[in-house]
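Enquirer: What would the 3D arrangement of this be:
(2 chains)
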There are 2 protein chains.
Amino acid sequence: MGQDQVTAGIVVIGDEILSGRTRDANVQQIAQFLAPLGVTVREVRIVADEEDAIVEAVDALRARCSYVFTTGGIGPTHDDITADAVAKAFGRGISIRADARAILEAWYAKAKTELTPARLKMARIPEGARLIENPVTGAPGFQIENVFVLAGVPQIVRGMLEDIAPRIEGGAVTRSISVRLEGVREGDIAARLSEIQQAHPRTSIGSYPWFEEDEQGGFRRGIVLVARGTDEAALERVGRELETLAP
Amino acid sequence: MGQDQVTAGIVVIGDEILSGRTRDANVQQIAQFLAPLGVTVREVRIVADEEDAIVEAVDALRARCSYVFTTGGIGPTHDDITADAVAKAFGRGISIRADARAILEAWYAKAKTELTPARLKMARIPEGARLIENPVTGAPGFQIENVFVLAGVPQIVRGMLEDIAPRIEGGAVTRSISVRLEGVREGDIAARLSEIQQAHPRTSIGSYPWFEEDEQGGFRRGIVLVARGTDEAALERVGRELETLAP
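Expert: Residues are numbered from 1 along each chain as shown, chains lettered A, B, ... in the order given. Coordinates of the predicted model:
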């Protein structure tokens, strides 16, 4: 992969993921959103709901990636500390901002729900940040420089990604093809696979073994080979070579 | 959470996760394995199949966590570079080791399969590492100091965890209780929830909104409150207080 790639980092903020209670869904969702825009996810960090941990992860990834996406921790409860942590990472002030407050007032008026002090916390937006629309529950996310601060609930993340798509300047789109082989072990084809990889250095080939239980309690196995690159014609050539590895 | 906690870091090595092609299953599996042993996952990093990225993540997490688990990249193909990367992180040599070779010879003899040079690569084990048994496909993982190097396929990870359970010295077990509220928004209960949290500083309370689509295309919503701590009696008290937040 080239050095001129447009890259992304993702910071997942959530004790519920680290505890094993919840299986993260946002990394895959964001990666699949970014791929057709020509942005490659380079690194993901999952950190606890602790200010120092969030600041460190955001600072590390915003320095090395074109874009950073955070998920989680922007709601109204005491464990929602992401907005303040991101403001701290950028050394910016944070307060209840009039534009965000107006969004919440209109949203809750329509829902005939009181805008409590806890809900008003969701209008705390760092100085100079640009709001991100939340079509699901109203409370906005925000963007500071190359960092997009999103909700944690996957349905809200999906809505927010729609709003920020036009703000992403991607690079060449990395495409992939996959070839699924059954009844083959990696050791059977590793040497020939390595030759194919060496003959096509601009295409990145990965090998992923799979296992499936069958109804008799035994199991079937195989490999999925995935080739990735920005040159579609080259990918097709590699795909044809990978198909010759079938038994 | 106390400073005397026994903690773990997880390094997921896999372009297929970063690309969005595959949704990781090992973080949840490892976290659920560690919780009853009294080990709390503190941070997860998902990195590409690149030596520098692996070395950096392993070095960062092994310094700050009691244990580190890596998943992925220990098979026979060209993209399997984890063993060499971990050896480099520890400044140790790596070569085909007799004990690992003997395991592979016995495994493949039984399976009447040739031990090819590619398969023999899976006997490359860093100096001084302790092997981890792989009951699914034979090729072992390994442990160096506080770092456990596991396969990427979830079924194999599960088997390897069985072997290493006796090597983990955990701390006090963090237990959790959850209270599911329907038809409540976080903003409705945030103030009272914050008071409960302040009254019980040794219990960590998280609030997680949920949304479910119903058959009419509308949706239901609510919150799951999760309290975590090592003192079971305190947890039960907090649980009773959380239940008073139901509408």
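
Enquirer: got the buried residues for the worst-scoring helix or strand of chain A on mean pLDDT?
Expert: The weakest-scoring helix or strand in chain A, judged by mean pLDDT, DSSP states H and E, is strand A:204-213 (a mean of 90). By 16 or more other Cβ atoms under 10 Å in any protein chain shown, the buried positions in strand A:204-213 come out as A:Ser204, A:Ile205, A:Gly206, A:Ser207, A:Tyr208, A:Pro209. No exception for glycine: its C-beta is placed from N, CA and C like everyone else's.

Enquirer: Quick one: distance of that strand to the chain centre.
Expert: 22 Å (Cα atoms, centre = their mean, to the nearest Å).

Enquirer: Does chain B have contacts with it?
Expert: Yes. With Cβ under 8 Å from any Cβ of the partner chain as the criterion, chain B is reached by strand A:204-213 at A:Ser204, A:Ile205, A:Gly206, A:Ser207, A:Tyr208, A:Pro209, A:Trp210, A:Phe211.

Enquirer: Stretch A:92-104 now?
Expert: No. For stretch A:92-104, no contact with chain B is found by Cβ under 8 Å from any Cβ; the gap never falls below 9.5 Å.

Enquirer: average model confidence for that stretch?
Expert: Average pLDDT, stretch A:92-104: 97.

Enquirer: Other residues contacting that stretch?
Expert: For stretch A:92-104, contacts defined as Cβ atoms under 8 Å, 6 or more residues apart in numbering or on different chains pick out A:83-84, A:87, A:115, A:119-129, A:131, A:138-140, A:144.

Enquirer: and the residues you listed, which are buried?
Expert: A:83-84, A:87, A:115, A:119-126, A:129, A:131, A:138-140, A:144.

Enquirer: As a check, name the ranges of all helices in chain A.
Expert: Remark: helices assigned in chain A by DSSP state H are A:15-18, A:26-34, A:51-64, A:82-89, A:98-110, A:117-120, A:154-164, A:186-199, A:232-243.

Enquirer: closest one to B:Glu232 among those?
Expert: helix A:15-18 (19.0 Å; Cβ to Cβ).

Enquirer: that older thread, which ones among the contacts of stretch A:92-104 lie within strands?
Expert: A:Arg124, A:Ile125, A:Pro126, A:Leu131, A:Ile144 (DSSP state E).

Enquirer: Now do A:Gly2, the pLDDT please.
Expert: Predicted confidence (pLDDT) for A:Gly2: 48.

Enquirer: coming back round to it: wait, which of the ones in strands among the contacts of stretch A:92-104 is closest to chain B?
Expert: Comparing the ones in strands among the contacts of stretch A:92-104 against chain B with Cβ to the nearest Cβ places A:Arg124 closest, at 13.2 Å.

Enquirer: my read: the closest one touches A:Asp84, true?
Expert: Yes. Assessed by Cβ atoms under 8 Å, A:Arg124 is found in contact with A:Asp84 at 7.2 Å.

Enquirer: quick revisit: pull up the pairing partners for the least confident helix or strand of chain A, direction included.
Expert: Taking DSSP bridges as the criterion, strand A:204-213 forms sheet pairs with strand A:219-229 (antiparallel).

Enquirer: before we move on, back to that, report the angle between the axes of the least confident helix or strand of chain A and helix B:154-164?
Expert: 80 degrees (axes from the mean of the first three to the mean of the last three Cα atoms, to 10 degrees).

Enquirer: Next, the angle from strand A:204-213 to helix A:232-243.
Expert: Between strand A:204-213 and helix A:232-243, the angle comes out at 40 degrees (the same axes, to 10 degrees).

Enquirer: could you dump strand A:204-213 to PDB, C-alpha only?
Expert: The C-alpha trace of strand A:204-213 is given here as PDB (Å, rounded to 0.1, in the frame of the first residue of the first chain):
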ATOM      1  CA  SER A 204      -2.000  -7.000  -1.200                       C
ATOM      2  CA  ILE A 205      -3.100 -10.700  -0.800                       C
ATOM      3  CA  GLY A 206      -4.400 -12.000   2.500                       C
ATOM      4  CA  SER A 207      -5.200 -15.600   3.300                       C
ATOM      5  CA  TYR A 208      -8.000 -16.400   5.900                       C
ATOM      6  CA  PRO A 209      -8.700 -19.900   6.900                       C
ATOM      7  CA  TRP A 210     -12.300 -20.800   7.800                       C
ATOM      8  CA  PHE A 211     -14.000 -23.700   9.600                       C
ATOM      9  CA  GLU A 212     -17.600 -24.600   9.600                       C
ATOM     10  CA  GLU A 213     -19.200 -27.300  11.700                       C
END
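
Enquirer: Kindly tell me how buried A:Gly20 is, as a neighbour count.
Expert: 17 (other Cβ atoms under 10 Å in any protein chain shown).

Enquirer: wait, what's in contact with the nearest residue to it once chain neighbours are set aside?
Expert: Nearest in space to A:Gly20, with sequence neighbours left out and distances taken as Cβ to Cβ, 6 or more residues apart in numbering or on different chains, is B:Ala31 at 3.0 Å. By Cβ under 8 Å, 6+ apart, B:Ala31 lies in contact with A:Leu18, A:Ser19, A:Gly20, B:Ile10, B:Val41.

Enquirer: circling back to that earlier point, so which of the buried residues of strand A:204-213 comes closest to chain B?
Expert: Using Cβ to the nearest Cβ, A:Ser207 comes nearest to chain B of the buried residues of strand A:204-213, at 4.1 Å.

Enquirer: Excluding covalently adjacent residues, which one is nearest to that closest one?
Expert: B:Thr77 (4.1 Å).

Enquirer: How much space separates the one you found from B:Val226?
Expert: Per Cβ to Cβ, to the nearest Å, B:Thr77 is found 40 Å from B:Val226.

Enquirer: do A:Leu104 as well
Expert: Taken as Cβ to Cβ, the span from A:Leu104 to B:Val226 is 26 Å.

Enquirer: again, but for A:Tyr108
Expert: Taking Cβ to Cβ, one finds A:Tyr108 at 26 Å from B:Val226.

Enquirer: Now the phi/psi pair for the residue in chain A sticking out farthest from the centre, please.
Expert: Distance from the C-alpha centroid of chain A peaks at A:Gln216, with 38.2 Å (Cα atoms, centre = their mean). When read as degrees, to the nearest 10, the backbone of A:Gln216 gives phi -90, psi 0.

Enquirer: Among the buried residues of strand A:204-213, find me the one that's closest to B:Val58.
Expert: Of those, the one sitting nearest to B:Val58 (Cβ to Cβ) turns out to be A:Gly206, at 20.2 Å.

Enquirer: correct me, but the closest one touches B:Ala48?
Expert: No. Counting by Cβ under 8 Å, A:Gly206 does not reach B:Ala48; the two are 10.4 Å apart.
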